[in-house]
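In: sequence unknown, structure follows:
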Ligand code: ADP
């Protein structure tokens, strides 16, 4: 990327144009570097499950007929790594297409959304989900599928990195609706707190791999919240637990009670 050299005695207008041009080049270069980093990170992430699949397939070819225990282990590993790769590519596509923009804006009742999400998860996971809300209705405007996706990412993390109990608190403060998801699990070290939104970032790569994490969840969640002019905030203490809060503007005139 070439920038225009600015000469001190040249005319003012030209200087201004050159500064703007150079600024645009900086932005382009920055974007280009981010893309490059994304491609390199993504390839790396896909390479790991592929290597596992490849080596188990080799084992199968060699021992599969003779040793049933090898057959079982290999099929299991190939299956779970394929599922991981499928999830990962789906999430990557979502990021690449920048699917975070709300496509269907409608009224969404956050109380109902939380109740439904926890009902589904209660059936799937043996965890105590507690929903706390003084409100019967908390309406905002947004894309309900995308907001549900954010909530699922937060609940999924709370399940993956936590103990048995998960609290979900719904509240309204001024014009802001909040959903706070709290777990009492491993927490996030202070120095990593501002990195958790980075694509592919995981506090502990090995452990997150065991729990099936890709490091993309929170970056997707953050984008969706930003596209809704909302916010996503995290507070956490290592060894104690984590609270992630979704914040959105309340729909005026409806939540007056
Ligand atoms: P992942 O798919 O790995 O969970 P995320 O982008 O959702 O990816 O989260 C990034 C990283 O932040 C996780 O790998 C984990 O290390 C950390 N993290 C996220 N949520 C929590 C939580 N509730 N408790 C502890 N660590 C968390």
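Out: Structure received. Bear in mind the structure is a predicted one, so any value in this text is a computation, not a measurement.
In: point out where the stretch 101-250 of the chain drops to low pLDDT.
Out: Along the stretch 101-250 of the chain, the parts satisfying pLDDT under 70 run over 206-212.
In: again, 80 this time
Out: For the stretch 101-250 of the chain, residues meeting the criterion pLDDT under 80 lie at 101-103, 123-124, 163, 205-213.
In: how about the strands in it?
Out: 106-109, 128-133, 139-142, 165-173, 176-183, 231-237, 241-249 (DSSP state E, counting those that start in this stretch).
In: residues from the stretch 151-257 of the chain in reach of the ligand?
Out: 153, 157-158, 160-161, 183, 185-188, 196, 201-203, 208, 213-219, 242 (C-beta under 6 Å from any ligand atom). C-beta here means a position set from N, CA and C on the backbone, and glycine is covered the same way.
In: just the ones in helices from those, please.
Out: Counting by DSSP state H, the part of these found in helices is 153, 157, 158, 160, 208, 217, 218, 219.
In: out of the residues you listed, the closest to residue 2 would be?
Out: The shortest gap between residue 2 and any of those belongs to residue 219, at 31.8 Å (C-beta to C-beta).
In: tally of neighbours for that closest one?
Out: 20 (other C-beta atoms under 10 Å).
In: so who does it touch?
Out: By C-beta atoms under 8 Å, 6 or more residues apart in numbering, residue 219 lies in contact with 95, 197, 198, 199, 201.
In: show the buried residues in the residues you listed.
Out: Neighbour counting by 16 or more other C-beta atoms under 10 Å classes 95, 197, 198, 199, 201 among these as buried.
In: how much space separates the second one from residue 13?
Out: When distance is defined by C-beta to C-beta, to the nearest Å, residue 197 is 40 Å away from residue 13.
In: what do you get for the last one?
Out: The span separating residue 201 from residue 13 equals 44 Å under the rule C-beta to C-beta.
In: name the nearest of the ones in helices among the residues of the stretch 151-257 of the chain next to the ligand relative to residue 46.
Out: When these are compared against residue 46 (criterion: C-beta to C-beta), the nearest one is residue 208, at 15.7 Å.
In: dump the residue contacts of residue 223.
Out: 95, 98, 100.
In: again, only using 6 Å
Out: Residue 223 makes contact with residue 100 under the criterion C-beta atoms under 6 Å, 6 or more residues apart in numbering.
In: please renumber the chain so that the first residue is 205 from this point on.
Out: Shifting the count to begin at 205 puts that one at residue 427.
In: how much space between it and the ligand?
Out: From residue 427 across to the ligand, the span is 11 Å (C-beta to the nearest ligand atom, to the nearest Å).
In: residue 377 too?
Out: Separation of residue 377 from the ligand (C-beta to the nearest ligand atom) stands at 23 Å.
In: try residue 352
Out: 16 Å.
In: same thing with residue 289?
Out: From residue 289 to the ligand the distance is 14 Å (C-beta to the nearest ligand atom).
In: check which helix or strand the nearest residue to that residue once chain neighbours are set aside maps to.
Out: Closest residue to residue 289 apart from its sequence neighbours, by C-beta to C-beta, 6 or more residues apart in numbering: residue 253 at 4.8 Å. Using DSSP states H and E, residue 253 sits in helix 216-267.
In: list the helices and strands that helix packs on?
Out: Where contact means 3 or more C-beta pairs under 6 Å, 6 or more residues apart in numbering; DSSP states H and E, helix 216-267 is packed against helix 272-300.
In: so how far is the helix it packs on off the chain centroid?
Out: In terms of C-alpha atoms, centre = their mean, to the nearest Å, the centre of helix 272-300 is set 19 Å apart from its chain centre.
In: check which residues of that helix are buried.
Out: Under the neighbour-count criterion of 16+ other C-beta under 10 Å, helix 272-300 has 274, 278, 281, 282, 285, 288, 289, 292, 295, 296, 298, 299 buried.
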